[in-house]
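> only geometry, no sequence info:
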């Protein structure tokens with residue numbers, strides 16, 4: 001599989017870390033982005049059959065749309081309400097939003113470029129499907 005970006009690299013876990021140490025936990029939202037990168041990687045992999053690649057782009061797009069509406073929307077509501085509670089990995093809603101914005105913009109750009117500059121034309125040529 002291709003080397004794909006990560007939303008965040010996990011920190012080193014100190015020896016003997018307490019169970020409440022944020023370094024022991026992955027962020028739920030950032031982990032989701034990393035999962036969706038793996039789906040997009042299947043679309044980017046030229047060993048994957050063409051129509052399967054298109055399917056993986058569609059899945060990525062659908063997942064990303066729902067993620068922005070639900071999960072980022074929820075973090076924005078937390079931010080607007082002044083929530084200061086940290087996530088299990090020790091991040092505020094504002095910190096999560098900042099990291100997610102960068103990750104989602106990068107993912108959307110790669111997904112769109114793959115579709116527009118590669119897959120769309122191939123599907124038209126090979127399968128005579130025009131989108």
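In hand now; what should we look at? Predicted, not measured: the structure shown is a model, and the values here were computed from it. Residues are numbered from 1 along each chain as shown.
> how about stretch 43-56, which residues are buried there?
43-44, 48, 53-54, 56 (16 or more other C-beta atoms under 10 Å). C-beta coordinates here come from the backbone N, C-alpha and C atoms, glycine included.
> what residues does that stretch touch?
1-2, 4, 39-40, 42, 57, 60, 110-111, 114, 119, 122-123, 126-127 (C-beta atoms under 8 Å, 6 or more residues apart in numbering).
> where does the chain have low pLDDT?
The model of the chain has pLDDT under 70 over residues 1-2, 128, 130-131.
> centroid residue for it?
residue 33 (2.4 Å; C-alpha atoms, centre = their mean).
> which element, helix or strand, includes it?
Element membership of residue 33, judged by DSSP states H and E, is helix 28-44.
> returning to what we had before: widest-spaced pair of the contacts of stretch 43-56?
By the measure C-beta to C-beta, 4 and 127 form the most distant pair in those, at 26.1 Å.
> of these two, who's got more company?
A direct count of neighbours by other C-beta atoms under 10 Å for residue 4 and residue 127 places residue 4 higher, at 16 against 11.
> what sits against that one?
37-38, 40-41, 44.
> I'd like the residues you listed as CSV, with distance to residue 29 appended.
Formatted as CSV, these follow (distance: C-beta to C-beta, whole Å):
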residue, distance to residue 29
37, 13
38, 16
40, 17
41, 19
44, 23
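> now, of the residues you listed, which are buried?
Applying 16+ other C-beta under 10 Å to the contacts of residue 4, the neighbour count classes 37, 40-41, 44 as buried.
> appreciated, that's everything.
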